[in-house]
Structures are given as C-alpha cells and as structure tokens.
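J.: here is a sequence with its predicted model. Questions after.
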Amino acid sequence: MRNRFTTRLISMLLVFVLLAGFVFPASAVAGNGVSFDLIGNSAVSNPLRPRQNETNQSTMVYDDNEIVRVSIVLTQTPTLQAGFSTLGIANNNQAMNYRNQLRNDQLAVTARIEQAMGQKLDVVWNLTLAANLISANVKYGQIKDIAKRSPVSSRWFWKPAICPWNP
C-alpha cells in the first residue's frame with residue numbers, strides 16, 4: 001500500500017511540474033513581460049568568423065597524380081529545369097524519357113573521356129533530376145583533358161577524403 005501511495009505522489013508531482021512549465025511562459029507573454037529591440041547590423045561588434053575547415057579551392061595545390069573528386073556539369077538542362085514537375089515524376093513518361101536521354105548522353109560523354117584517358121572512369125554518381133552532372137574520381141592532372149573532351153558548362157573538384165560518402 002505504501003509503495004502505491006509513493007508512486008501516485010511522485011506522479012502528481014511530475015504532472016504539477018509539467019503544468020508549471022506551461023504556465024510561466026504563457027504568463028510572461030500575456031503580461032507583455034517580453035520585449036525585443038531591433039538593432040542594425042552595424043551595432044554588432046564581433047563579425048562572424050569564417051569556418052576553420054573552409055579553404056579556398058583556387059589556393060589548393062594538388063599533385064598531378066593525386067586523386068580528386070570531380071563534378072562534371074554538362075550543358076544540357078536537367079529534368080527539373082526543363083519544365084518537369086517533381087509531383088508524380090515517376091509516372092510521367094515524358095520526364096522519364098528525358099532523364100533516360102540525359103543518362104545516355106552522360107554515358108556517351110563518359111565513354112569519350114575513357115577513350116581519351118585510356119582507362120575506365122571511376123564514376124561515383126550520375127545525376128539527371130536537379131543537375132545534369134557526372135561525379136567521378138580522377139587524377140588531378142587529368143582534369144584539363146576531361147574538360148577538352150566533354151561538353152561541360154563547369155566542373156568542380158575536391159579531395160574525396162572530405163566526402164562523407166566516399167569509402
């Protein structure tokens with residue numbers, strides 16, 4: 001009997017504490033006890049510090065044999081920019097045909113690059129929905145050759161070690 005009484009007493013105490021947690025903030029708002037002052041950006045004396053792990057890629061120096069991840073962005077517009085909606089896109093035959101066309105074009109570009117490099121391209125991703133790009137691991141020295149042999153609008157590279165999905 002005593003154990004049951006103690007349990008009920010503790011339960012009632014916890015209910016009271018939970019209800020008190022709602023009462024105090026509500027009373028502060030109702031009584032206009034909270035006020036905010038809008039200040040301009042010039043009033044802030046401590047500017048935001050840049051992140052420690054961010055580096056400027058233009059200052060990075062890579063060895064020609066160092067493996068980097070390259071995102072090769074092709075010139076054709078991706079599926080979403082071509083006017084297709086994401087709503088029911090899997091059932092939209094025109095959108096799926098367009099994505100397949102982009103994928104086939106990416107395979108052709110990959111084959112051209114592989115032929116020019118004389119080796120298989122280590123493709124990690126082929127994206128066609130929100131971007132039309134091929135993500136691959138290549139030697140840094142091969143990037144200029146890839147750019148010459150593919151219809152790219154831009155390319156980015158980074159060390160695969162900083163990519164969380166890289167094995």
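T.: Yep, it's here.

J.: for whichever helix in the chain runs longest, packing partners?
T.: Determined from DSSP state H, the single longest helix within the chain is helix 2-30. With contacts taken as 3 or more C-beta pairs under 8 Å, 6 or more residues apart in numbering; DSSP states H and E, helix 2-30 sits against no other helix or strand. (Each C-beta comes from the backbone N, C-alpha and C, glycine too.)

J.: any stretches of the protein with poor pLDDT?
T.: 1-2, 26-36, 44-60, 149-167 (pLDDT under 70).

J.: all the helices of it, in order from the start?
T.: With DSSP H as the criterion, the chain has helices at 2-30, 93-117, 143-149.

J.: how far is the longest one from where the chain is centred?
T.: A distance of 43 Å separates the C-alpha centroid of helix 2-30 from that of its chain, computed with C-alpha atoms, centre = their mean, to the nearest Å.

J.: per the record, what domains does this protein have?
T.: Domain assignment of the chain by automatic domain parsing yields the ranges 1-33, 57-162.

J.: could you dump these to JSON lines with distance to N41?
T.: Shown next, in JSON lines, are those (distance: least, C-beta to C-beta, whole Å):
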{"stretch": "domain 1-33", "distance to N41": "27"}
{"stretch": "domain 57-162", "distance to N41": "28"}
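
J.: can you check which of the helices of the chain gets nearest to V61?
T.: helix 143-149 (13.6 Å; C-beta to C-beta).

J.: counting contacts, what elements does that closest one pack onto?
T.: Counting contacts by 3+ C-beta pairs under 8 Å, 6+ apart, helix 143-149 packs against strand 67-74, helix 93-117, strand 152-158.

J.: quick one on the thing from earlier: just the domains of the chain: most buried one?
T.: Mean neighbour count (mean count of other C-beta atoms under 10 Å) peaks for domain 57-162 among those, with a mean of 15.

J.: quick revisit: so for L133, which of the helices of the chain sits nearest?
T.: Nearest to L133, of all the helices of the chain, is helix 93-117, at 8.3 Å by C-beta to C-beta.

J.: angle of the closest one against strand 67-74?
T.: Angle, helix 93-117 to strand 67-74, by axes from the mean of the first three to the mean of the last three C-alpha atoms, to 10 degrees: 130 degrees.

J.: can you list contacts of helix 93-117?
T.: Under the criterion C-beta atoms under 8 Å, 6 or more residues apart in numbering, residues 72, 74, 76, 78-79, 82, 84, 89-90, 120-121, 123, 126, 128-129, 132, 134, 136, 142, 145-146, 149-151 lie in contact with helix 93-117.

J.: 6 Å instead, please
T.: Residues from elsewhere that reach helix 93-117, judged by C-beta atoms under 6 Å, 6 or more residues apart in numbering: 79, 84, 89, 120-121, 126, 128, 132, 134, 146, 149-150.
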